[in-house]
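# Only the shape, not the letters, is given here:
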């Protein structure tokens with residue numbers, strides 16, 4: 001008798017759910033590429049009314065969270081795999097199980113050793129002491145990081161850790177700054193606002209230095225949602241506006257943030273920070289296409305860019321090195337370090353430049369050193385260099 005892979009998979013799923021050994025189930029690979037729904041992430045949550053399956057429906061510009069009883073949830077998973085998605089990846093305490101439907105309609109299942117930390121408890125209130133408190137923090141609730149009882153949702157624990165790590169990294173940099181009254185903070189490409197709200201909260205409520213803060217985001221729906229949340233949280237000096245990094249009109253910039261701005265958008269942000277005389281510039285770059293496309297390495301060094309993934313990593317190193325050196329050329333004490341490595345932040349390098357009032361760097365010497373690097377790798381002018389030459 002031939003075994004049905006889908007039924008074996010759902011038997012395994014039912015067992016790990018019943019035993020509360022489910023770490024995560026990811027449903028992905030849309031059948032319709034035009035669908036706005038990107039994937040569904042399912043975990044177990046313990047609510048006051050008992051255990052439930054927590055579904056996070058991830059769309060292009062928003063997440064929708066719903067809780068279902070186990071039986072209803074399993075039926076919804078079945079339906080999603082029939083109508084909307086090709087793949088399901090089940091992570092449990094004992095093993096990882098994948099169910100894949102090929103384009104030809106053949107269903108395959110594979111089992112692998114576990115790769116994720118086993119589930120021990122589902123209580124939301126066992127949270128390490130963090131810089132950003134949860135209780136009474138309205139924006140965390142509205143962003144669905146916490147539930148109605150101010151407990152961190154299990155499926156959002158990584159995001160909550162990321163928020164706190166972000167503030168912990170910026171804390172020593174910000175505390176060393178001398179900032180004017182009514183100083184301006186700009187978050188370029190603020191997205192859903194997770195880190196924007198956290199930074200405003202830290203500055204206003206922990207340091208007691210309320211900023212004038214602006215989140216810049218080109219998607220109108222996210223701008224509207226974030227402004228609504230800012231109103232509910234009574235963050236009176238925080239607003240979100242629609243615009244792009246290179247074109248948005250801003251009165252002034254004292255602190256500039258640009259996290260995961262794609263490719264040369266990071267350079268546009270650094271340029272805005274340098275030309276505004278920002279006291280602090282913080283970037284977590286994403287994508288490095290400009291340098292990667294231009295690289296033309298000859299001789300023995302050609303082997304280091306011979307393989308695709310290694311060429312990509314080399315392009316990242318060169319790009320961010322040049323960015324850091326340019327910041328130093330304009331009088332910024334610059335650090336480059338790891339931000340955080342989670343599914344929320346696939347790019348985890350952070351560049352922080354703090355303006356040094358008494359610094360007088362040898363700008364020409366630094367740009368000559370940058371040119372030497374570019375010559376080795378056959379690269380023309382770096383995008384940020386071109387921007388500054390037009391200044």
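Nice, thanks for sending it over. Model, not experiment: these values are computed from the prediction.
# Tell me how far the residue nearest to residue 102 when sequence neighbours are not counted lies from residue 4.
Nearest non-adjacent residue to residue 102, counting by Cβ to Cβ, 6 or more residues apart in numbering: residue 108, 6.9 Å away. All C-beta spots, glycine's among them, are computed from the backbone N, C-alpha and C. Computed with Cβ to Cβ, to the nearest Å, the distance linking residue 108 and residue 4 is 12 Å.
# same thing with residue 333?
According to Cβ to Cβ, residue 333 stands 63 Å off from residue 4.
# Over to residue 301?
In this structure, residue 301 and residue 4 are separated by 54 Å, where distance is defined by Cβ to Cβ.
# Repeat that for residue 143.
Computed with Cβ to Cβ, the distance linking residue 143 and residue 4 is 41 Å.
# more neighbours, those two?
In terms of neighbours (other Cβ atoms under 10 Å), residue 143 is the more surrounded of residue 143 and residue 4; the figures are 22 against 12.
# Would you agree residue 165 is in contact with residue 337?
No: Residue 165 is not in contact with residue 337 according to Cβ atoms under 8 Å; the separation is 11.5 Å.
# Counting neighbours, go ahead and name the busier of the two.
The neighbour comparison of residue 165 against residue 337 (other Cβ under 10 Å) goes to residue 165, with 17 against 10.
# and the more buried one, what helix or strand is that in?
In this structure, residue 165 sits in helix 157-175 according to DSSP states H and E.
# now residue 42
Counting by DSSP H and E, the secondary-structure element that holds residue 42 is strand 37-47.
# Which strands or helices does that strand pack on?
Other elements packing on strand 37-47 under the criterion 3 or more Cβ pairs under 8 Å, 6 or more residues apart in numbering; DSSP states H and E are strand 22-30, strand 50-59, helix 70-83.
# Go through the ones you listed and pick out the most buried.
With neighbours defined as mean count of other Cβ atoms under 10 Å, these peak in mean count at strand 22-30, which reaches a mean of 19.
# what's in contact with that strand?
13, 16, 37-44, 77, 80-81, 84-93, 116-119, 155 (Cβ atoms under 8 Å, 6 or more residues apart in numbering).
# Could I have the PyMOL command that selects the buried members from those residues?
Selection of buried members from those for PyMOL, criterion 16 or more other Cβ atoms under 10 Å:
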select buried, resi 13+16+37+39+40+41+42+43+44+77+80+81+84+85+86+88+89+90+91+92+93+119+155
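# Tell me how the protein divides into domains.
Domain segmentation of the chain under automatic domain parsing yields 5-112, 138-389.
# Packing partners of the strand or helix carrying residue 260?
Element membership for residue 260, per DSSP H and E: strand 255-262. Taking 3+ Cβ pairs under 8 Å, 6+ apart as the contact definition, the neighbouring helices and strands of strand 255-262 are strand 184-188, helix 194-201, helix 265-276, strand 280-286.
# want to try a markdown table for these, with distance to residue 149, mean neighbour count and mean pLDDT as columns?
Shown next, in a markdown table, are the helices and strands packed on strand 255-262 (distance: least, Cβ to Cβ, whole Å; neighbours: other Cβ atoms under 10 Å; pLDDT from 0 to 100):
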| stretch | distance to residue 149 | mean neighbour count | mean pLDDT |
| --- | --- | --- | --- |
| strand 184-188 | 29 | 25 | 96 |
| helix 194-201 | 19 | 24 | 95 |
| helix 265-276 | 38 | 23 | 93 |
| strand 280-286 | 32 | 24 | 90 |
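# In TSV: these, plus distance to residue 383.
Supplementary listing: the helices and strands packed on strand 255-262 in TSV, determined by distance: least, Cβ to Cβ, whole Å:
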stretch	distance to residue 383
strand 184-188	16
helix 194-201	25
helix 265-276	5
strand 280-286	12
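# now the strands for the stretch 101-250 of the chain?
Counting by DSSP state E, counting those that start in this stretch, one finds strands in the stretch 101-250 of the chain at the ranges 107-112, 184-188, 212-217, 238-242.
# in the worst-scoring helix or strand of the chain on mean pLDDT, what's buried?
Taking mean pLDDT, DSSP states H and E as the measure, the helix or strand of the chain with the lowest value is helix 289-294, at a mean of 79. For helix 289-294, a neighbour-count test (16+ other Cβ under 10 Å) marks 290, 291, 292, 294 as buried.
# What is the subsequent helix or strand relative to that helix?
If you walk from helix 289-294 toward the C-terminus, the next helix or strand you reach (DSSP H and E) is helix 308-329.
# Point out the other helices and strands that that following helix packs with.
For helix 308-329, the packing partners by 3+ Cβ pairs under 8 Å, 6+ apart are helix 265-276, strand 280-286, helix 289-294, strand 332-338, strand 349-355, helix 363-376, helix 383-389.
# between the longest one and helix 308-329, how big is the angle?
When axes from the mean of the first three to the mean of the last three Cα atoms, to 10 degrees is applied, the directions of helix 363-376 and helix 308-329 differ by 170 degrees.
# and for helix 363-376, what are the contacting residues?
Counting by Cβ under 8 Å, 6+ apart, residues outside helix 363-376 touching it are 297, 301, 318, 321-322, 325-326, 328-330, 379-382, 385.
# Filter those down to the buried ones.
By neighbour count, with 16+ other Cβ under 10 Å, those hold 297, 318, 322, 325, 326, 328, 329, 330, 379, 382, 385 as buried.
# dump the residue contacts of the fifth one.
For residue 326, the set of contacting residues under the criterion of Cβ under 8 Å, 6+ apart consists of 270, 274, 366, 370, 382, 384, 385, 388.
# Do I have it right that the second one meets residue 327?
Yes: Residue 274 is within contact range of residue 327, at 7.3 Å (criterion: Cβ under 8 Å).
# what touches both of these two?
Any residue near both residue 274 and residue 327 by Cβ under 8 Å, 6+ apart counts here, and that gives residue 281.
# Could you list the low-pLDDT ranges of the stretch 51-200 of the chain?
Counting by pLDDT under 70, the stretch 51-200 of the chain contains low-confidence ranges at 119-129.
# returning to what we had before: could you check the angle the strand holding residue 42 makes with strand 50-59?
Between strand 37-47 and strand 50-59, the angle formed by their directions is 160 degrees, by the same axes, to 10 degrees.
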